[in-house]
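Visitor: can't give you the sequence, but here's the structure:
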């Protein structure tokens with residue numbers, strides 16, 4: 001591959017972070033190439049997790065709300081308008097040991113990389129861990145959710161359930177009581193993993209109930225969630241729980257497998273960036289969105305970090321390549 005085929009900016013991922021980075025770098029005449037990913041039933045796909053989200057009411061600029069896929073198509077159209085090269089391909093291997101950086105699509109054992117780039121912006125996101133229930137994926141966005149902040153408002157005065165026993169699950173359960181009539185915490189053991197203070201807050205909330213030694217084995221509903229089937233982990237006995245919303249809060253997995261051994265990560269696998277910037281420990285490689293954010297995980301914060309990573313990349317190129 002000749003040096004003329006080296007891209008200035010290669011962006012991995014096409015959620016709010018990746019496409020915002022594309023908009024900024026395209027407007028800076030850097031002609032970014034975006035590897036959007038491949039169609040999938042999870043959030044690890046073109047457009048990210050918003051592609052499996054129905055109504056989005058907390059993204060600024062849409063007072064009546066907007067459908068998740070519609071919002072991401074608007075992002076995509078805007079990036080395309082400024083000359084972004086968008087390809088529905090997924091990286092299978094990367095080599096960040098020297099510049100130009102190398103990215104493979106398809107056979108990772110191929111002798112030559114598919115693409116080379118002076119900078120790489122990583123926006124591969126994170127995937128919410130699911131329960132692998134028979135009807136779970138079918139009802140995502142129709143009562144099944146992995147984001148209380150995103151979807152809690154839609155369950156005002158409803159009876160809902162949440163699965164999980166850690167701090168995040170308790171935080172989300174407490175948050176959901178702002179809207180729901182009752183929130184039932186379904187937990188496989190007889191005690192929570194959450195910190196003592198979070199346990200105390202959850203247990204003191206009159207709207208929160210606990211179903212101990214229990215696991216959800218299926219979620220039932222034709223068009224929307226109507227009930228869940230809960231199994232006692234001690235006796236094996238099954239029972240129905242009538243609810244209209246099931247929130248799954250058992251964690252997220254950052255999509256960072258490609259970068260193991262090449263980029264610094266936290267213990268939980270999220271990429272480490274320098275302060276408020278998008279800089280990783282490798283010069284010329286930047287990260288943004290949920291792949292490096294294990295705190296907020298919101299579309300608006302992902303978009304903001306995509307802007308930061310793009311500006312960082314633009315300045316780095318000016319100082320190290322074009323200057």
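Guide: Arrived safely. Just so it is clear, the structure is predicted and the values come from calculations on it, not from any experiment.

Visitor: For stretch 285-298, give the mean pLDDT please.
Guide: Mean per-residue pLDDT for stretch 285-298: 94.

Visitor: no no, stretch 134-151
Guide: On average, stretch 134-151 scores 93.

Visitor: can you check stretch 36-52 too?
Guide: In the prediction, stretch 36-52 has an average pLDDT of 72.

Visitor: which residue sits closest to residue 161, ignoring its sequence neighbours?
Guide: residue 184 (4.4 Å; Cβ to Cβ, 6 or more residues apart in numbering). Every residue, glycine included, has its C-beta placed from N, CA and C.

Visitor: May I have the beta-bridge partners of the one you found?
Guide: residue 161, residue 209 (DSSP bridges).

Visitor: And it, what's its pLDDT?
Guide: 98.

Visitor: Contacts only, for it.
Guide: Residues near residue 184 by Cβ atoms under 8 Å, 6 or more residues apart in numbering: 159, 160, 161, 162, 208, 209, 210, 211, 241, 243.

Visitor: At the geometric centre of the protein, which residue sits there?
Guide: residue 126 (3.9 Å; Cα atoms, centre = their mean).

Visitor: what's the distance between it and residue 239?
Guide: Look at residue 126 and residue 239: by Cβ to Cβ, to the nearest Å, they are 33 Å apart.

Visitor: Closest to residue 312 out of the contacts of residue 184?
Guide: residue 162 (37.1 Å; Cβ to Cβ).

Visitor: Pull the contacting residues for that closest one.
Guide: 148, 169, 172-173, 176, 183-186, 246-249.

Visitor: Which residue is the nearest non-sequential neighbour of it?
Guide: residue 247 is the one closest to residue 162 (Cβ to Cβ, 6+ apart), at 4.2 Å.

Visitor: Quick one: list the elements packing against the host helix or strand of residue 116.
Guide: According to DSSP states H and E, residue 116 maps onto strand 115-122. Here strand 115-122 touches strand 6-12, helix 16-27, strand 33-35, strand 101-105, strand 285-287, helix 299-317, going by 3 or more Cβ pairs under 8 Å, 6 or more residues apart in numbering; DSSP states H and E.

Visitor: Name the strands paired with that strand and say parallel or antiparallel.
Guide: strand 6-12 (parallel), strand 101-105 (antiparallel), strand 285-287 (parallel).

Visitor: With distance to residue 60 and mean neighbour count as added columns, please give those in JSON lines.
Guide: Shown next, in JSON lines, are the strands paired with strand 115-122 (distance: least, Cβ to Cβ, whole Å; neighbours: other Cβ atoms under 10 Å):
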{"stretch": "strand 6-12", "distance to residue 60": "23", "mean neighbour count": "24"}
{"stretch": "strand 101-105", "distance to residue 60": "33", "mean neighbour count": "20"}
{"stretch": "strand 285-287", "distance to residue 60": "24", "mean neighbour count": "28"}
